[in-house]
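>>> with the sequence up front, the predicted model follows.
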Amino acid sequence: MSDTEMLSYLGAVAGVVGAVAGIAGSIMGYFSIRRTGEIKSLELRLELVKAAADVFQKIDSVGDLLIQAKKSRDAVAAATGMYHSGAREAWQRQHEADHGSLESINESFDELNVDFSEFSMRELEKAISEMYALRTFLDRIAQRNAQSIAEDDLKRESIRNQIAGRSA
């Protein structure tokens, strides 16, 4: 066998090996992309479950905070003689709106108790963003009512100081 024949056989073998390697690489790439998609989908489902658990806990804590804020505002308003004032009534309307929002969220949150395994990645991303928006909304309600309680605490301290000043 001459060198040129040997070189042509070697080139043919190398071409076949390269073709087989290319086909094997594309098949492995396809499976890798599918696997990566499955892993990403799993990560999104886990993130959604964590976000939903966080929102569920936040709903409970905001509900308790609303009750505490109402008791606090009513007590301070009664102590200052402002129970039937316009400011308290405005606060009461806001409190009722917050309570209504919380009930609405609680009802809609019960409807979200579904199996996320059949969701597409876009649906999972949308659901996660909705959970974060819901958590942000609940944070605003909590902050508003915590601030109300803090204001009431300052008024209580002022009332105590006035009473202490009278008795001294």
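Done, it's in.
>>> packing partners of whichever strand or helix holds I163?
With secondary structure defined by DSSP states H and E, I163 is part of helix 121-167. Applying 3 or more C-beta pairs under 8 Å, 6 or more residues apart in numbering; DSSP states H and E, one finds that helix 121-167 contacts helix 3-80, helix 86-111. The C-beta positions use only the backbone N, C-alpha and C, and glycine is treated the same way.
>>> can you find the helix or strand of this protein with the lowest average pLDDT?
helix 86-111 (a mean of 88; mean pLDDT, DSSP states H and E).
>>> in it, which residues are buried?
If you call a residue buried by 16 or more other C-beta atoms under 10 Å, then helix 86-111 has these buried ones: R88, W91, H95, D98, H99, L102, I105.
>>> nearest to E38 among the residues you listed?
Taking C-beta to C-beta as the measure, I105 is the one of those closest to E38, at 31.8 Å.
>>> residue contacts, the closest one?
I59, L134, F137, L138 (C-beta atoms under 8 Å, 6 or more residues apart in numbering).
>>> the third one and V55, how far apart?
If I follow you right, that is F137. 10 Å (C-beta to C-beta, to the nearest Å).
>>> what's the answer for the last one, then?
L138 sits 7 Å away from V55, going by C-beta to C-beta.
>>> the more surrounded of the two?
Neighbour count, other C-beta atoms under 10 Å: between L138 and V55, L138 has more, with 23 against 20.
>>> shouldn't the more buried one be in contact with K58?
Yes: counting by C-beta atoms under 8 Å, L138 does reach K58; the two are 4.5 Å apart.
>>> how about stretch 156-168: buried residues?
Within stretch 156-168, no residue qualifies as buried by neighbour count (16+ other C-beta under 10 Å).
>>> OK, contacts around the residue positioned nearest the centre of the chain?
In the chain, the C-alpha nearest the mean C-alpha coordinate belongs to Y132, at 3.1 Å (C-alpha atoms, centre = their mean). Residues near Y132 by C-beta under 8 Å, 6+ apart: A51.
>>> need the pLDDT of it.
For Y132, the pLDDT comes out at 93.
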